[in-house]
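# Just the structure for this:
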Amino acid sequence: MNLISQLTSSFQQEFKTKPVLICSPGRVNLIGEHTDYNEGFVLPAAIDKAIYLAVSPRTDNELHFIAHDLNETYQGSLTNLKPTHTWADYLLGVISEFQLAGHKLGGLNCVFGGTIPMGSGLSSSAALENGIGFALNELFNIGLERVAMVKLSQRAENEFVGAKVGIMDMFASMMGKADHVIKLDCRSLDYTYAPLRMDGISIVLCDSRVKHSLVTSEYNTRRAECEAGVRFLKTYYPEIKSLRDVTMPMLDKHLRDTEPLIYRRCAYVVQENQRLLDGVAALEADDIAAFGQLMYGSHEGLSHWYEVSCPELDILVEIARQQPGVLGARMMGGGFGGCTINLVREEALDDFTNLITKQYKARTGKDTYLHVCKIQDGTNLIS
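This next block holds a predicted model:
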């Protein structure tokens, strides 16, 4: 029995009614890391690893949730929404934000489960938030556009859950389009789709099995370093608002010799934005090999200029780079652990899997788990 059938069966057994079924995918980011909070560009896509939700409205104000994979339950009320510091907060936060925005809701039944590997950095929390928001919009005929739901998901995680995340994860999960990546302007939220023709090429994630132990503290430090660079440059260029407005000649003239650490951080962001724009041009020209080389450049910048990689991620990229049939590889996400993302020709996939598994184990003593992904549409109604 597949997961959707299991969720449907569990739902009908518990609530004695037929559910509405929703798929809300995880995401990858092809290029453009740590650019979002600097008002830059990102290039994510929704993938075929997802959260699935079975939902129905209730005739009262109660909320009944079942986390199928965890075999855990939550019961509460619309009239008393408080953080629980558990998985339930990702659903409660979205419900709270819908109510704060003035939308009238009723009680809700929900059973959910997923195929997103835990701790892989594929944004299972954003998928769950989008899924429940999409469900509320459907069940209670609220009529919100997708971008409005994305903003409510982000606010739920920022305010109710308490994680000050950017908008990329929710945006990619909700707005994804099969066979395309999203070029998202994190300043304006303007977006366009760029084709990602993956005939004969697989997206492969290699899990370093290293937990992101430093990511929160170092994330805050990197953000502060970027802001310090902008403040310094503003004395010369009052019109700049963020690193989005900064050029390499500005950095070379005013920061390279006086503030070498701040220079490296800012230079990475400026160069990464340009790599992304060059990458979109490569995709539009159907030049996936050129795009892959830009991914390698992104990893070099993340590792040596922004310094958010770790030895294990560097080793995974180094091994990938030596394998025939690998077009590009880089670390993905906040850093200090998690996954690398690799573009691998399908005829080379078996050799790549065998070699990277053996060599990574030999060099680190750790196993790596591989996940092959396809790009799919964003959050959607199954039935």
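
# Check whether Arg58 really touches Gly106, as I assumed.
Yes - counting by Cβ atoms under 8 Å, Arg58 touches Gly106, with 6.1 Å between them. C-beta: built from backbone N, CA, C; applies to glycine.

# Going along the chain, name the helices of the stretch 101-250 of the chain.
124-139, 146-155, 168-175, 215-234, 248-254 (DSSP state H, counting those that start in this stretch).

# what's the nearest residue to Leu255 if we skip its chain neighbours?
Using Cβ to Cβ, 6 or more residues apart in numbering and skipping residues adjacent in sequence, the residue nearest Leu255 is Tyr263, 4.1 Å away.

# Contacts only, for Leu53.
Listed by Cβ atoms under 8 Å, 6 or more residues apart in numbering, the contact partners of Leu53 are 7, 21-22, 24, 110-112, 128, 131-132, 135.

# quick one, longest helix in the chain?
What stands out as the longest helix in the chain, according to DSSP state H, is helix 260-284.

# So which elements touch it?
strand 41-42, strand 180-185, strand 191-195, helix 215-234, helix 248-254, helix 288-300 (3 or more Cβ pairs under 8 Å, 6 or more residues apart in numbering; DSSP states H and E).

# helix or strand right after the first one?
Towards the C-terminus, the helix or strand next in line after strand 41-42, according to DSSP states H and E, is strand 44-57.

# quick one: buried residues of the helix or strand hosting Ala362?
Using DSSP H and E, Ala362 sits in helix 349-364. For helix 349-364, burial by neighbour count (16 or more other Cβ atoms under 10 Å) applies to 349, 352-353, 355-357, 359-360, 364.

# same question, stretch 288-305
For stretch 288-305, the neighbour count (16+ other Cβ under 10 Å) marks 288, 290-303, 305 as buried.

# Nearest residue to Ala101 in space, please, no chain neighbours.
Nearest to Ala101 is Leu152, by Cβ to Cβ, 6+ apart, at 6.6 Å.

# Then Lys234?
Closest residue in space to Lys234, ignoring its immediate chain neighbours: Ile240 at 6.0 Å, by Cβ to Cβ, 6+ apart.

# That neighbour: what's it in contact with?
230, 233-234, 246.

# Show me which of the residues you listed are buried.
Among the contacts of Ile240, the ones that count as buried by 16+ other Cβ under 10 Å are 230, 233, 246.

# Name the nearest of these relative to Asn158.
For those, the residue nearest Asn158 by Cβ to Cβ is Val230; the value is 21.9 Å.

# Report pLDDT for that closest one.
Val230 carries a pLDDT value of 97.

# how about it, what does it touch?
So Val230 contacts 240-243, 246, 266 (Cβ under 8 Å, 6+ apart).

# can you tell me which of these are in strands?
Using DSSP state E, no member of the contacts of Val230 falls within strands.

# and Gly365, how many neighbours does it have?
Using other Cβ atoms under 10 Å, Gly365 has 7 neighbouring residues.

# Which pLDDT value belongs to it?
96.

# try the one 3 residues further on
Reported pLDDT at Thr368 in the predicted model: 94.

# thinking again about what came up before, and which of the buried residues of stretch 288-305 is nearest to Asp207?
Of the buried residues of stretch 288-305, the one sitting nearest to Asp207 (Cβ to Cβ) turns out to be His299, at 16.1 Å.

# Name the nearest residue to the closest one, ignoring sequence neighbours.
Of all residues not flanking His299 in the chain, Arg330 sits nearest, at 3.6 Å (Cβ to Cβ, 6+ apart).

# hmm, which helix or strand of this structure has the shakiest average pLDDT?
Ranked by mean pLDDT, DSSP states H and E, the helix or strand of the chain with the weakest confidence is helix 215-234, at a mean of 88.

# so how far is that helix from its chain's centroid?
On the basis of Cα atoms, centre = their mean, to the nearest Å, helix 215-234 is displaced by 21 Å from the centre of the chain it belongs to.

# when you give positions from now on, start the count at 715
Happy to do that; since the first residue is 715 now, the last one works out to helix 929-948.

# May I have that helix as CSV, with CA atoms only?
Provided in CSV are the C-alpha atoms of helix 929-948 (Å, rounded to 0.1, in the frame of the first residue of the first chain):
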residue,chain,number,x,y,z
VAL,A,929,24.4,26.9,11.1
THR,A,930,22.3,29.1,13.4
SER,A,931,25.2,31.0,15.1
GLU,A,932,27.3,31.2,11.9
TYR,A,933,24.2,32.2,9.8
ASN,A,934,23.7,35.2,12.2
THR,A,935,27.4,36.0,12.0
ARG,A,936,27.5,36.0,8.2
ARG,A,937,24.4,38.1,8.0
ALA,A,938,26.0,40.7,10.4
GLU,A,939,29.2,40.6,8.3
CYS,A,940,27.3,41.4,5.1
GLU,A,941,25.4,44.2,6.8
ALA,A,942,28.7,45.6,8.1
GLY,A,943,30.0,45.7,4.5
VAL,A,944,26.9,47.5,3.3
ARG,A,945,27.2,50.1,6.2
PHE,A,946,30.8,50.7,5.3
LEU,A,947,30.1,51.2,1.6
LYS,A,948,27.2,53.5,2.3
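
# Cool, thanks, talk later.
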